[in-house]
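>>> after the sequence you'll find the predicted model.
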Amino acid sequence: MATIEPRRKYVAIIGTGMAGLVTAYMLRNDTRRRFEVEVFEKQDKLSLDSASHTLSDQNGRGEKLERLDLPMRAFADGYYEGLKRMYDYFGIEYGSPRFVYSLSALSDTATKQASPYYIHSSNNHQMPPLRPEGLSRARWLVEVCYLAMCYYWFTACCFFVTPKTAELSGEEEPLRWYLERIRLPGYYVKNYLLPLMSSVTTCSHDALMDFPAIDVVDYERRTFRKKHYTVLGGVHRVQKKLSEDLTYRLGTKVTAVENVGTKVQVSWTDTHNGQSSWELFDHVILGVTPDVVGAIFQPLQSAMAAVPTTTVQSVVHRDFSKILDSSKYLWTHMSLNAGESAPQPIHMRSNATATESIHEHPSFALITTCPIAPIDPEKIVHTVRFTRVLRSSSSRQIINHIFNRTQSGDEKSQLWQNGDGNVWLVGGWCWDGMVMLEGCLASAARVAHALDVEVPWTEGNDSSTSS
Ligand SMILES: Cc1cc2nc3c(=O)[nH]c(=O)nc-3n(C[C@H](O)[C@H](O)[C@H](O)COP(=O)(O)OP(=O)(O)OC[C@H]3O[C@@H](n4cnc5c(N)ncnc54)[C@H](O)[C@@H]3O)c2cc1C
């Protein structure tokens, strides 16, 4: 007797960043082919690579040069196990660029060049560190020794002094309280920890101080002495792999996601002609930032208002005026060994509240993230804005509640939990950690597990190597 195949489930995925595309890939590749996946994106192109920019040459012939990934989407051993496994599975090559960070303090007006007070090389590839111009040998030696002491003290604390968390001690300890508790000197915090860490979180120093200490401590522990990488050739390679044969609707802004009986209704507006439509699905997966979740999914409206977000700007330009001297000095003194990739200076310039980073890309373009000093408008090539999801003590508790299904029936609170009504959340912010690409992989895998779908890159299918 012929067996009747169960009806395939219709799944809508909203958003085509890393989280949406990875989740779509997993469900489409379900070995039992149980899911019909449709992806919605409000932009006119898939978003994982949409902010990146291809530089044209400057001789007017319009030849394409290099692809600049925006954001850079760096990752590291120790923290990004899911991401690395996926890249290896797809044969995406990645390398460890030799970044040279020059740290300097900006004047109040931020219009002048700033002299670096310290120069640090990624993975300590340049030892001893370069001595900044104008700093006497004695002054520099004192600075290096002081820095080493503070750094090893902070690292030891990360391993041996656990931050307070709601689950362990009933209260959530923000980073600023933790740094006070471990008595990390203010000079080190202001001049080293905040500039370097806020360039990872791309937010103001104050916002970073409000992060749960456990996030930063866990990140430090897991990436201690580990290598950092970027994708070779651009993140568009990842997007291409994830979106092969994908069915998607571009220019489609989802306006509401609602439970209707046992189904989930997705309503959207066509961004070109303004026409509104809706469709019913068995499952809906929201791969969008929390502000968008709050706007389109009523049960999470008030909870999402407590998840902080900010807007981050990245500018590709050729205004070298703010870094000319510092750049010249670095290029004269950095080690340029045959056979090794050229170092890439990143100028990190801080004022009392924030740090801007100016990355000298090998293609002779500058990429400024979180600009503080004005950039000559004539020299701007490309500007993008991102919504950056941040962390706070209260948002950590809300997010953990949404994703930890631990309550027994009668203890279950009123707050919506992941999967209720067949609506799911994925994204860089949908896990208990820093808002990074690994959160996309972890949350996508969580949905896959809940729907009983295998994650392809955990099944021992690795097909290539990394560089
Ligand atoms: C400046 C900056 C630098 C960063 N650097 C790094 C880094 O080096 N390493 C790292 O690991 N992480 C980094 N991150 C974090 C990382 O990039 C993000 O965590 C990750 O890209 C989030 O992906 P996502 O899929 O969750 O969401 P997103 O990439 O935000 O995707 C959401 C998608 O939903 C779409 N959308 C929104 N609303 C709607 C709607 N109503 N209808 C339809 N579609 C909608 C959007 O257009 C977008 O495509 C950085 C972030 C920023 C801002």
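Looks like it arrived, so ask away. These numbers were taken from a predicted model, which means no experiment stands behind them.

>>> and stretch 112-131, C-alpha only, in PDB?
The C-alpha trace of stretch 112-131 is given here as PDB (Å, rounded to 0.1, in the frame of the first residue of the first chain):
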ATOM      1  CA  LYS A 112      43.500  67.800  14.500                       C
ATOM      2  CA  GLN A 113      45.700  64.700  14.000                       C
ATOM      3  CA  ALA A 114      46.300  62.900  17.300                       C
ATOM      4  CA  SER A 115      49.600  61.300  18.400                       C
ATOM      5  CA  PRO A 116      49.300  57.700  19.300                       C
ATOM      6  CA  TYR A 117      50.100  56.700  22.900                       C
ATOM      7  CA  TYR A 118      50.300  53.000  22.200                       C
ATOM      8  CA  ILE A 119      50.700  50.700  19.200                       C
ATOM      9  CA  HIS A 120      49.400  47.200  19.500                       C
ATOM     10  CA  SER A 121      49.700  44.400  16.900                       C
ATOM     11  CA  SER A 122      47.000  41.700  16.500                       C
ATOM     12  CA  ASN A 123      48.000  38.300  17.700                       C
ATOM     13  CA  ASN A 124      51.100  40.100  18.900                       C
ATOM     14  CA  HIS A 125      52.700  39.600  15.500                       C
ATOM     15  CA  GLN A 126      55.100  42.500  16.100                       C
ATOM     16  CA  MET A 127      57.200  41.900  19.200                       C
ATOM     17  CA  PRO A 128      58.400  44.100  21.000                       C
ATOM     18  CA  PRO A 129      55.500  46.500  20.300                       C
ATOM     19  CA  LEU A 130      56.400  49.600  18.200                       C
ATOM     20  CA  ARG A 131      57.300  52.700  20.200                       C
END
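
>>> just give me the longest helix of the protein.
The residue-count maximum for a helix in the chain (DSSP state H) belongs to helix 137-160.

>>> pLDDT averaged over that helix - what is it?
Mean pLDDT, helix 137-160: 95.

>>> what of stretch 105-119?
Mean predicted lDDT for stretch 105-119 stands at 81.

>>> now stretch 451-460
87.

>>> show me where the stretch 301-450 of the chain has strands.
Taking DSSP state E, counting those that start in this stretch as the test, the strands found in the stretch 301-450 of the chain are 309-317, 344-350, 355-360, 366-369, 380-389, 423-425.

>>> for these, please prepare CSV with the additional fields distance to the ligand and mean neighbour count.
The C-beta positions use only the backbone N, C-alpha and C, and glycine is treated the same way. Output for these, formatted as CSV (distance: least, Cβ to the nearest ligand atom, whole Å; neighbours: other Cβ atoms under 10 Å):
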stretch, distance to the ligand, mean neighbour count
strand 309-317, 4, 18
strand 344-350, 12, 23
strand 355-360, 10, 23
strand 366-369, 5, 23
strand 380-389, 4, 16
strand 423-425, 10, 24
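
>>> could I get the ones you listed as a markdown table with mean pLDDT?
Formatted as a markdown table, the strands of the stretch 301-450 of the chain follow (pLDDT from 0 to 100):
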| stretch | mean pLDDT |
| --- | --- |
| strand 309-317 | 97 |
| strand 344-350 | 95 |
| strand 355-360 | 96 |
| strand 366-369 | 96 |
| strand 380-389 | 96 |
| strand 423-425 | 98 |
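
>>> tabulate those strands (CSV), appending distance to L280.
Formatted as CSV, the strands of the stretch 301-450 of the chain follow (distance: least, Cβ to Cβ, whole Å):
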stretch, distance to L280
strand 309-317, 30
strand 344-350, 49
strand 355-360, 46
strand 366-369, 41
strand 380-389, 29
strand 423-425, 13
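
>>> Q113 is nearest to which of those strands?
With Cβ to Cβ as the criterion, Q113 lies closest to strand 344-350 of the strands of the stretch 301-450 of the chain, at 9.3 Å.

>>> would you put the C-alpha positions of the closest one in CSV?
Extracted C-alpha coordinates of strand 344-350, given in CSV (Å, rounded to 0.1, in the frame of the first residue of the first chain):
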residue,chain,number,x,y,z
GLN,A,344,46.7,46.8,8.1
PRO,A,345,46.8,49.8,10.4
ILE,A,346,43.6,50.6,12.4
HIS,A,347,43.7,54.1,14.0
MET,A,348,41.6,54.1,17.1
ARG,A,349,40.9,57.6,18.3
SER,A,350,39.0,58.2,21.5
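
>>> for the residue of the stretch 151-300 of the chain found nearest the ligand, give its distance to G439.
Here the residue of the stretch 151-300 of the chain nearest the ligand is V254; by Cβ to the nearest ligand atom that distance is 3.7 Å. In this view, V254 and G439 are 21 Å apart by Cβ to Cβ, to the nearest Å.

>>> close to the ligand, is the helix or strand of the chain at the bottom of the mean pLDDT ranking?
Least confident helix or strand, the chain: strand 64-68 with a mean of 77, by mean pLDDT, DSSP states H and E. No. For a cut-off given as Cβ under 6 Å from any ligand atom, strand 64-68 has no contacts with the ligand; the smallest distance is 12.8 Å.

>>> so for that strand, what gets flagged as buried?
Within strand 64-68, the residues that count as buried by 16 or more other Cβ atoms under 10 Å are 67-68.

>>> quick thing: my sequence starts at 13, can you match it?
In the new numbering, first residue 13, that becomes strand 76-80.

>>> what's in contact with the helix or strand following that strand?
For strand 76-80, the succeeding helix or strand toward the C-terminus, using DSSP states H and E, is strand 87-88. By Cβ atoms under 8 Å, 6 or more residues apart in numbering, the residues outside strand 87-88 that reach it are 95-96, 106, 235, 238-242, 448-450.

>>> so which of those residues also contact the ligand?
Counting by Cβ under 6 Å from any ligand atom, 448-449 from the contacts of strand 87-88 sit close to the ligand.

>>> pLDDT and secondary structure for the contacts of strand 87-88 - can I get that in a markdown table?
Shown next, in a markdown table, are these (pLDDT from 0 to 100; DSSP: H, G, I helix; E, B strand; the rest coil):
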| residue | pLDDT | secondary structure |
| --- | --- | --- |
| L95 | 98 | helix |
| K96 | 97 | helix |
| Y106 | 96 | strand |
| T235 | 95 | helix |
| K238 | 93 | coil |
| K239 | 92 | coil |
| H240 | 93 | strand |
| Y241 | 94 | strand |
| T242 | 94 | strand |
| M448 | 97 | coil |
| L449 | 98 | helix |
| E450 | 98 | helix |
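
>>> buried ones among the contacts of strand 87-88?
Buried members of those, counted by 16+ other Cβ under 10 Å: 95-96, 106, 235, 240-242, 448-450.

>>> report the angle between the least confident helix or strand of the chain and strand 367-372.
150 degrees (axes from the mean of the first three to the mean of the last three Cα atoms, to 10 degrees).

>>> just checking, what packs against strand 76-80?
On a contact count with 3 or more Cβ pairs under 8 Å, 6 or more residues apart in numbering; DSSP states H and E, strand 76-80 meets strand 65-68.

>>> I'd say P83 and T399 touch.
No. In this structure, P83 is not within contact of T399 by Cβ atoms under 8 Å, at 11.8 Å.

>>> tell me how many other residues crowd the closest residue to S362 other than its chain neighbours.
Distances taken as Cβ to Cβ, 6 or more residues apart in numbering place P207 nearest to S362, at 4.7 Å, with adjacent residues excluded. Other residues near P207 come to 23 when the count uses other Cβ atoms under 10 Å.
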